[in-house]
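Chemist: Sequence first, then the predicted structure, then my questions.
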Amino acid sequence: MKEKRLIIKRSGYPSKGEIVIGTVKRVLDFGAFVSLDEYEGREGMVHISEVASGWIKDIREHVKKGQKVICKVLDVNPKRGHIDLSIKDVNERQRREKLQQWKNEMKAFKWLEIIGEKLNTDFKELEKIGKKLMKEYDSVYSAFEEAAFEGYEVLAPIVGEEFAKEMAEIARENIKPKRVKVRGYFELKSSASDGIERIKKALLEAKKALVNGVEMKLEYVGAPKYRIVVEADDYKTAENVLKKATENVLKAIKKLGGEGNFIREAA
């Protein structure tokens, strides 16, 4: 007998443009019907034209019953209960992010089960708790993240002090702080006979901006470009280090008789 697992689903309908995960239930010649894993009792339809780019001879070569698919919501009609979906409109980055989000949520449900066993809380009550957390934090995993970084006190008003303490303990054991990265590149030039050495010397000045808990990587892109990547626990720290590193390098190259500028890249 298959072990029952805690799965907490949302009520209502997804929003237009939302990226959702689902399971293919039926495949017909004109399209596929997909059960939305995150929504209670909701099913959407992927028309054959939205399965993949280009002409499709046989839809079954692209989707199969039981397959997990990441879709974009094209349209929602709650009155008719219709949800139009697209597989082809989801790019690779969105697909990876949604899969990771789903895996994280599955872990969070399992953690709720563990707490439930410890505190003798049944599935029905765990579902109520999970839905409260979803309403407040959008996902159960996000609530665990909040407990890991801010402490159990932030969750106590929602789930009670005892349950919140258990959540914080599991969260601290399993969730690592998210690191952020900021980046850009230098354009450095020197007409001196030892210009390459002078540029290297100027770039080394970037390291003097480092502080505890911050990592920095310098990469040669192709003359005259040199990329810098700063990684830290938060954007404020990363930005401050990047700013100081940039000032150090540009000041050094000028002092060494060269010239340079800095171009910021999107995060």
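Modeler: Arrived safely, thanks for sending.
Chemist: Look up how far Asp138 lies from Glu247.
Modeler: For Glu247, the distance to Asp138 under the criterion C-beta to C-beta, to the nearest Å works out to 39 Å. Using the backbone N, CA and C atoms, a C-beta is placed for each residue, glycine as well.
Chemist: quick one: which of the two has more around it?
Modeler: Looking at Glu247 and Asp138 with other C-beta atoms under 10 Å, you find the greater number of neighbours at Glu247, namely 14 against 11.
Chemist: Could I get the pLDDT score of that one?
Modeler: Model confidence at Glu247, expressed as pLDDT, equals 97.
Chemist: and it, which of the three is it?
Modeler: Per DSSP: H, G, I helix; E, B strand; the rest coil, the local secondary structure of Glu247 is helix.
Chemist: i'd like the first residue to be 712 from this point on
Modeler: All right, first residue 712 from here; so that's Glu958.
Chemist: Validate this expectation: Lys947 resides in a helix.
Modeler: Yes: counting by three-state DSSP, Lys947 is found in a helix.
Chemist: That one: neighbour count?
Modeler: What Lys947 shows, counting by other C-beta under 10 Å, is a neighbour count of 10.
Chemist: for it, what are its contacts?
Modeler: Applying C-beta atoms under 8 Å, 6 or more residues apart in numbering, one finds that Lys947 lies in contact with no residue.
Chemist: If we use 10 Å, what do you get?
Modeler: Val891 (C-beta atoms under 10 Å, 6 or more residues apart in numbering).
Chemist: Domains of the chain: list them as residue ranges, please.
Modeler: The chain breaks down into these structural domains: 730-799, 804-885, 891-976 (assignment by automatic domain parsing).
Chemist: Can you give the distance from the second one to the centre of its chain?
Modeler: I take that to be domain 804-885. A distance of 17 Å separates the centroid of the chain from that of domain 804-885, by C-alpha atoms, centre = their mean, to the nearest Å.
Chemist: how long is that domain from one end to the other?
Modeler: The first and final residues of domain 804-885 sit 24 Å from each other (C-alpha to C-alpha, to the nearest Å).
Chemist: residue nearest the centroid of this protein?
Modeler: Centroid-nearest residue in the chain, with C-alpha atoms, centre = their mean: Glu808, separated by 5.0 Å.
Chemist: per-residue confidence at it?
Modeler: With respect to pLDDT, Glu808 has a value of 94.
Chemist: I'd like the distance between it and Glu916.
Modeler: When distances are taken as C-beta to C-beta, Glu808 and Glu916 turn out to be 36 Å apart.
Chemist: again with Ala743
Modeler: Counting by C-beta to C-beta, the separation of Ala743 from Glu916 is 57 Å.
Chemist: Give the helix, strand or coil label for Ala763.
Modeler: State at Ala763, reduced to three classes by three-state DSSP: coil.
Chemist: tally of neighbours for it?
Modeler: With other C-beta under 10 Å as criterion, Ala763 counts 14.
Chemist: of the domains of the chain, which approaches Arg716 most closely?
Modeler: Nearest of the domains of the chain to Arg716, taken as C-beta to C-beta: domain 804-885 at 7.2 Å.
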